[in-house]
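Undergrad: Let me see the structure of the following:
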Amino acid sequence: MKVLLDTHTLLWAVINPELLSRRAASIIDDKSTVILVSAASAWEISTKVRLGKLPGAENFERDFVQNLDDLGYALLSIDAETSLRAGRLTANHGDPFDRILAAHAIALDIPVIGKDPKLDQFGIRRVW
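TA: Purely as a prediction, here's the structure:
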């Protein structure tokens, strides 16, 4: 199974795994799961760390790429095609990070592991 982690799911998996649902934790812990993380999550995390909104995530953010590599997670870049797809989504949802995640999920036809039901507006598969 291949999945894309929502930003909060990534942070919870690394920093507060007890906040994950049983299903989310099971999928993430399954060694056969290919776990993808969007560069949008790097952007979101670094922005929120800078603003002081993610206490406890500073070390994870500082070595973000190495940490993903250590975890065996693959990083998805944001290219022009993904950006255009995100911008063209018609859902009334203004969060640019969620738009990029949805665009990735649609392009790759994979579910997003995330708690936020607002993602459902994009017509993606969401697992929690």
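
Undergrad: number of nearby residues for residue 81?
TA: A count of nearby residues for residue 81, using other Cβ atoms under 10 Å, gives 10. From N, CA and C alone the C-beta is placed, and that goes for glycine too.

Undergrad: what about it, which SS state?
TA: helix (DSSP: H, G, I helix; E, B strand; the rest coil).

Undergrad: tell me the contacts of it?
TA: Applying Cβ atoms under 8 Å, 6 or more residues apart in numbering to residue 81 gives the contacts residue 107.

Undergrad: if I look at it, how far off is residue 94?
TA: According to Cβ to Cβ, to the nearest Å, residue 81 and residue 94 sit 21 Å apart.

Undergrad: can you check residue 123 too?
TA: 17 Å.

Undergrad: now do residue 62
TA: Counting by Cβ to Cβ, the gap from residue 62 to residue 94 is 29 Å.

Undergrad: Who has more neighbours out of these two?
TA: For residue 62 versus residue 94, the count of surrounding residues by other Cβ under 10 Å is larger for residue 62: 11 against 7.

Undergrad: separation between that one and residue 111?
TA: Residue 62 is 29 Å from residue 111, by Cβ to Cβ.

Undergrad: Quick check: nearest residue in space to the residue most central in space within the chain, chain neighbours excluded?
TA: The chain has residue 6 as the residue nearest its centroid, 2.7 Å off, counting by Cα atoms, centre = their mean. Nearest residue to residue 6 in three dimensions, chain neighbours excluded: residue 114, at 3.0 Å (Cβ to Cβ, 6 or more residues apart in numbering).

Undergrad: For the nearest residue to residue 30 once chain neighbours are set aside, give me the pLDDT.
TA: Counting by Cβ to Cβ, 6+ apart, residue 30 lies nearest to residue 1, which is 7.3 Å off, once chain neighbours are set aside. At residue 1, the model reports a pLDDT of 95.
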